[in-house]
Every structure is written in C-alpha cells, then in structure tokens.
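Asks: missing the sequence, but the structure's below:
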C-alpha cells in the first residue's frame, strides 16, 4: 500500500506522515533509513568544511588514501568527502598507468609530484599501493620491483611523517559475493558501465592471490606512524559515514562538533589493522 493524496493533505510534518504510515501499514523503513543517512551525511560534510578551513589556516598537508578491491566503494566515498569542499584547496588524485618515462623513474616520483601542498587536502583513489596488490597479482610488475617497493614504503612514509604530512590509509573491505553483485550492477547500469573492465572480473578469479598480497602489504607497511585503517564496506553508506567520522576524529580543528553530529567512528566498522581482526574480504 502507498500514500493516498488525502494522506499527504492531512500531514503537516514528517511525524504526521510516519504516524499515517504506521496506521495504514505503509512500508517506509527504507525511506526513513535513506533520510537518516542523508541528514547524517550533510552534518558530517559540514564538519569537513570546518576541517578544510582549519587545514588552510594552519597550512597543513593532509593525504587520505583509499585502497581496496575493485568495487569496494572507494570512488563513491571520495565523492561524498569532497562534495562540498573548496576545490581550490582540495583535490582527488587518480593516476592512470605510468608513461614510458615514468616507468624509468623511481616508482614514488609520480606520487611525490601530486602530494598535497600547504593548506591542502588530497584524496587518493588508489595510490602507490597499486604496486603492493594489483600490480603483482595482475603481473604488471616484476618480483624484484615488488620486493624493492615493499622494503621502501615504510621509509618513504616515514619521510612524509617527519616532514609533517598527515597520512591516513584506508582499506575498504568487501566480501567476494558483494564484489560480484556490484560488478553485475555496474554492467546493468549504463551510467556505471564505464567503471567495469576485464581486469575487474579477474579480481574474482584471483581473489585468493589478492588476499595473500593484501595481507603481505598489511604486515610489511602497517606502522605506528602510518597505520592501516580497515573499513568494513559491504554497506556503502555506512562505510562513507564511518570513514568520514574517522578522518574528522583525527584533528582538533576550529568549531569541531558544531553540527552536533557524532564524530566517534563505530569500532565495529572502522578499526586499525591487527592480525587478530577478522576481515570480510579474506
């Protein structure tokens, strides 16, 4: 059953509509959940604006890395993070495959060029960690290149830490079945079909290899000064809200909490990597 025209005429507030829905057994649970999400998101985005203003004033450099398997929700989360920020002091970094010239350079050089400047926040839709998981799994780098990278990463990130660059590393974790479902959704949606590539479906075939290299990456590159933060992302909306909460919780910025929204991330959704943590993308 749906709302009738007279129901809408009778209702003057949202509470009236909810009461009418309950009385007439009109299903509105999904709608209420969506409204709640949008209200929460708007308040968190307002906090992000306050954070950005403070970053500009303090001339800080902040880089947020979004890593995870294909279709884990990295791009959608970045979109919500940046949606209302000033584009002059925020940017999204999503590099294409390296050129012939870049392939002959030190691997990290192309990423150093796009690190945030003073007073800027940068969101990386994948990062130098391509070489930790995607490249070795897909055969895009040699074993020697992979080994050299894994050794150099902590040193590279420690240099960034010593130079006062704030680095946040997210791994968006989804299950194999959820990834498969999202691939199918992309193929069935003409607006999202561009996101799908043959490499994506190989992610299902090579799931165990991805898992192995992901665990190797965590064990070799999770440090006190640059920890990995796991985000359970089977629920896209929940992952967006909680990852945003985590970033906001890392800074003591001016007007923090002005929106009256909780800035404490749910520890069941967002957590630092630890070997004992049960991940959903094993």
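Replies: Done, it's in. Everything numeric here is computed off the predicted structure, so don't read it as measured data. Numbers count the residues shown, from 1 in each chain.

Asks: now this protein, which segments are flagged as low pLDDT?
Replies: 1, 3, 7-8, 11, 16-17, 25, 28-29, 32, 276-278 (pLDDT under 70).

Asks: Strands of the stretch 101-250 of the chain, residue ranges please.
Replies: 120-125, 165-173, 228-232 (DSSP state E, counting those that start in this stretch).

Asks: With distance to residue 88 as extra columns, can I get the ones you listed in TSV?
Replies: Where you see a C-beta, it was placed from the backbone N, CA and C, and this is true even at glycine. Below are the strands of the stretch 101-250 of the chain laid out as TSV (distance: least, C-beta to C-beta, whole Å):
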stretch	distance to residue 88
strand 120-125	9
strand 165-173	19
strand 228-232	27
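
Asks: Any chance of those in a markdown table with mean neighbour count as columns?
Replies: As requested, the strands of the stretch 101-250 of the chain are exported to a markdown table (neighbours: other C-beta atoms under 10 Å):
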| stretch | mean neighbour count |
| --- | --- |
| strand 120-125 | 22 |
| strand 165-173 | 21 |
| strand 228-232 | 22 |
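
Asks: quick one: residue 19 from residue 111, how far?
Replies: Residue 19 sits 55 Å away from residue 111, going by C-beta to C-beta, to the nearest Å.

Asks: These two: which is more packed in?
Replies: Ranked by neighbour count (other C-beta atoms under 10 Å), residue 19 and residue 111 place residue 111 first, with 17 against 13.

Asks: Enumerate every residue touching that one.
Replies: When contacts are counted by C-beta atoms under 8 Å, 6 or more residues apart in numbering, residue 111 touches 95, 127, 128.

Asks: Could you give the number of residues near the second one?
Replies: By the measure other C-beta under 10 Å, the count of residues near residue 127 is 21.

Asks: And for residue 114, nearest residue in space, chain neighbours not counted?
Replies: In this structure, residue 114 finds its nearest non-sequential neighbour in residue 93, 4.8 Å apart by C-beta to C-beta, 6 or more residues apart in numbering.

Asks: Then residue 254?
Replies: Here the residue nearest residue 254, using C-beta to C-beta, 6+ apart, is residue 54, at 4.9 Å.

Asks: if we can go back for a sec, identify the bridge partners of the residue nearest to residue 114.
Replies: residue 124 (DSSP bridges).

Asks: who's in contact with residue 200?
Replies: Counting by C-beta under 8 Å, 6+ apart, residue 200 touches 70, 71, 183, 186.

Asks: list the buried ones in stretch 104-120?
Replies: 107, 108, 110, 111, 115, 116, 119, 120 (16 or more other C-beta atoms under 10 Å).

Asks: Please tell me how far the third one sits from residue 197.
Replies: If I follow you right, that is residue 110. Following C-beta to C-beta, the distance that separates residue 110 from residue 197 is 21 Å.

Asks: nearest residue to residue 134 other than its sequence neighbours?
Replies: Nearest one to residue 134, counting by C-beta to C-beta, 6+ apart, is residue 140 at 7.0 Å.

Asks: wait, I meant residue 192
Replies: residue 186 is the one closest to residue 192 (C-beta to C-beta, 6+ apart), at 4.6 Å.

Asks: Give the burial count for the one you found, as a bare number.
Replies: Residue 186 has 19 nearby residues by other C-beta under 10 Å.

Asks: That one is in contact with residue 193, isn't it?
Replies: Yes. Assessed by C-beta atoms under 8 Å, residue 186 is found in contact with residue 193 at 6.2 Å.

Asks: In this structure residue 165 contacts residue 65, no?
Replies: No. Assessed by C-beta under 8 Å, residue 165 is found out of contact with residue 65, at 11.8 Å.
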